[in-house]
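Undergrad: Have a look at this prediction, sequence included:
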Amino acid sequence: MKIQTQARLLVGGILLVPVLIIIGNTLFRNFINNDDELDLPAYEDVSAMLNETMSISDWGTIVRHINSSRRVGEVTVFRNDYLVLYSTNAEFSSGIFADREGVLSLLGDENNASRYIFTSQNTDENRVYILTRTTPPPAPQSRPRFRLPSFFLPIIIPIIILPLFVIVMTIIITSSITRSVQILENATRRIAEGELDLAVDVKGSNEITSLTKSLNKMRVDLKEDQLRRTRFIMGISHDLKTPLALIKGYAEAIVDGVAADSASMTNASEIIITKTDQLEGMINDLIDFVRMDTGEWRAQLRRINISAFLHSIIKSMSCDVELLQHALVQTIDLPENLSVPMDERLVYRAFENLINNAVRYSYEKSEINIKAVMQDNTVTITVSNNGQGIDSEDLPHVFEMLYRGTSSRREQGMGLGLAVVKWVADYHGWSVSVSSEAGRETCFTITIPKN
């Protein structure tokens, strides 16, 4: 149960328990009192016996008198001619005339163990007599017992039960919180010490249990991040080792005189320069990605005309593409005044990576197609090529950091280019996807919502 719900139950109980106790006590007392009430005849029966000369208010007065007299003994009600209207005394029966002399003799007999009280009630035309036979009080006991007045009962019961309710609820709430916090504290300490395989398990459904779920998710994320960093370092080490080994090998060949002639030294020097450029490019890619991944590279969003932006990218990269004997073909069909919020340098870097990838894995002297259209308030930009395509088993992983597909393992780079594209798209709230047909075409699609 939620801690907030438990607290509400506690407050509600504090307010409702006294009310419920008082209501229950009142009902109980009424029930007890009802048990003591007499089965008195109805007014209609009495009025018929009195020839309808008694009003209902007169009979109500007599009933109250009978009830009060019943507390101390037995009661008999006579009509003025000694017809018994009602009786709890076994000596008299209702509806039967009593012997007037016998009644008077009871009053005059001083030897009776019981004491009789004879009263009369006046009605409009009839006099009604009430004979009360009182029972002698019991003999006094050696030690009188103390009896609490009945009006104290509704006060004392809430005073006893309400604190008990508060204490029990407080113990339940505090024990639940304390147990959960202790488990959570112990688990947090162990996770902080590096036990990322430790699953935190707190029973229940309160807010601390929800916090436990978040802690478990954080633990899993930390473990995955740790594995990702390990793979990252291992991948970088592997990719950087190859050009470094070549640079070292050719430098040693020059120093040891293996490459003694001018042509050999020139060839070795050119390879060293090429591998150094490759190494520099890989390091720059790594630095850029780390800056993006850590948030050090903060995007500065401003509205940019998307059509003009795409034309500028195509213009700046056309020379590089043509130098590699490919053609950059564009189909830009967007409104001239359409602008979207973006960080221009980050988005430029993403499209640069897509175009370079398209060129790298294209057939010789093929076309690189860039197409931009707007449909249903959404801008769709595709970069496609004609090439060997991406293997189906590699397709779900192309945007993963350091992942290099089967067809790209012999190429330069560390598998960061497409990861950067994915990061930039996610940062802007866009989406990026890829489709490929083996031996024919690969198409990357960036979807930009207009708003």
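TA: Received, thanks.

Undergrad: can we go C-alpha only for contacts and neighbour counts from here?
TA: Will do.

Undergrad: the helices in the stretch 201-350 of the chain, which residues?
TA: Assigned by DSSP state H, counting those that start in this stretch, the helices in the stretch 201-350 of the chain fall at 207-255, 262-293, 306-323, 344-360.

Undergrad: Kindly report the same for the stretch 351-451 of the chain.
TA: 417-428.

Undergrad: now the strands: where do they sit in it?
TA: Under the criterion DSSP state E, counting those that start in this stretch, strands of the stretch 351-451 of the chain are mapped to 367-375, 378-386, 431-437, 441-449.

Undergrad: The shortest one pairs with which strands?
TA: If I follow you right, that is strand 431-437. strand 441-449 (antiparallel) (DSSP bridges).

Undergrad: from the helices of the stretch 201-350 of the chain, which stretch is densest packed?
TA: helix 344-360 (a mean of 19; mean count of other CA atoms under 10 Å).

Undergrad: CA atoms only for stretch 83-102, dumped as CSV, please.
TA: What follows is stretch 83-102, C-alpha atoms only, in CSV (Å, rounded to 0.1, in the frame of the first residue of the first chain):
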residue,chain,number,x,y,z
LEU,A,83,-61.2,-4.4,34.5
VAL,A,84,-57.5,-5.3,33.9
LEU,A,85,-56.2,-3.4,30.9
TYR,A,86,-52.6,-4.6,31.2
SER,A,87,-50.6,-6.6,33.7
THR,A,88,-47.2,-8.1,34.2
ASN,A,89,-48.2,-9.5,37.6
ALA,A,90,-49.2,-13.2,37.4
GLU,A,91,-52.1,-12.5,39.9
PHE,A,92,-54.0,-10.5,37.3
SER,A,93,-54.9,-11.2,33.7
SER,A,94,-55.6,-8.7,30.9
GLY,A,95,-59.3,-8.4,29.9
ILE,A,96,-60.6,-9.9,33.2
PHE,A,97,-62.2,-8.0,36.1
ALA,A,98,-60.2,-8.1,39.3
ASP,A,99,-61.7,-8.4,42.7
ARG,A,100,-61.8,-4.9,44.1
GLU,A,101,-61.7,-6.1,47.7
GLY,A,102,-58.8,-8.4,46.9
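
Undergrad: For that stretch, list every residue counted as buried.
TA: Neighbour counts over stretch 83-102 (16 or more other CA atoms under 10 Å) mark Leu83, Val84, Leu85, Tyr86, Ser87, Thr88, Phe92, Ser93, Ser94, Ala98 as buried.

Undergrad: Turn those into CSV, including secondary structure.
TA: Output for those, formatted as CSV (DSSP: H, G, I helix; E, B strand; the rest coil):
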residue, secondary structure
Leu83, strand
Val84, strand
Leu85, strand
Tyr86, strand
Ser87, strand
Thr88, coil
Phe92, coil
Ser93, coil
Ser94, coil
Ala98, coil
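
Undergrad: can you list those in CSV and add pLDDT and distance to Asp197?
TA: Putting the buried residues of stretch 83-102 into CSV (pLDDT from 0 to 100; distance: CA to CA, whole Å) gives the following:
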residue, pLDDT, distance to Asp197
Leu83, 81, 97
Val84, 81, 94
Leu85, 79, 91
Tyr86, 79, 88
Ser87, 80, 88
Thr88, 78, 85
Phe92, 83, 92
Ser93, 82, 91
Ser94, 79, 91
Ala98, 82, 99
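
Undergrad: quick check, nearest of those to Arg229?
TA: Nearest to Arg229 among the buried residues of stretch 83-102, counting by CA to CA, is Thr88 at 98.5 Å.

Undergrad: Compare the helices of the stretch 201-350 of the chain and give me the one nearest Glu393.
TA: Nearest of these (CA to CA): helix 344-360, 18.6 Å.

Undergrad: for that closest one, packing partners?
TA: Other elements packing on helix 344-360 under the criterion 3 or more CA pairs under 8 Å, 6 or more residues apart in numbering; DSSP states H and E are helix 306-323, strand 367-375, strand 378-386, helix 417-428.

Undergrad: mind saving the C-alpha coords of that helix as PDB?
TA: This file holds the C-alpha atoms of helix 344-360, laid out as PDB (Å, rounded to 0.1, in the frame of the first residue of the first chain):
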ATOM      1  CA  GLU A 344      23.800  23.900 -38.400                       C
ATOM      2  CA  ARG A 345      27.300  22.500 -37.700                       C
ATOM      3  CA  LEU A 346      26.000  19.300 -36.100                       C
ATOM      4  CA  VAL A 347      23.500  18.600 -38.900                       C
ATOM      5  CA  TYR A 348      26.100  19.400 -41.500                       C
ATOM      6  CA  ARG A 349      28.400  16.800 -39.900                       C
ATOM      7  CA  ALA A 350      25.600  14.200 -39.900                       C
ATOM      8  CA  PHE A 351      24.900  14.700 -43.700                       C
ATOM      9  CA  GLU A 352      28.600  14.700 -44.400                       C
ATOM     10  CA  ASN A 353      28.900  11.300 -42.800                       C
ATOM     11  CA  LEU A 354      26.000   9.900 -44.700                       C
ATOM     12  CA  ILE A 355      27.300  11.200 -48.100                       C
ATOM     13  CA  ASN A 356      30.900   9.900 -47.300                       C
ATOM     14  CA  ASN A 357      29.500   6.500 -46.400                       C
ATOM     15  CA  ALA A 358      27.400   6.500 -49.600                       C
ATOM     16  CA  VAL A 359      30.500   7.300 -51.700                       C
ATOM     17  CA  ARG A 360      32.700   4.700 -49.900                       C
END
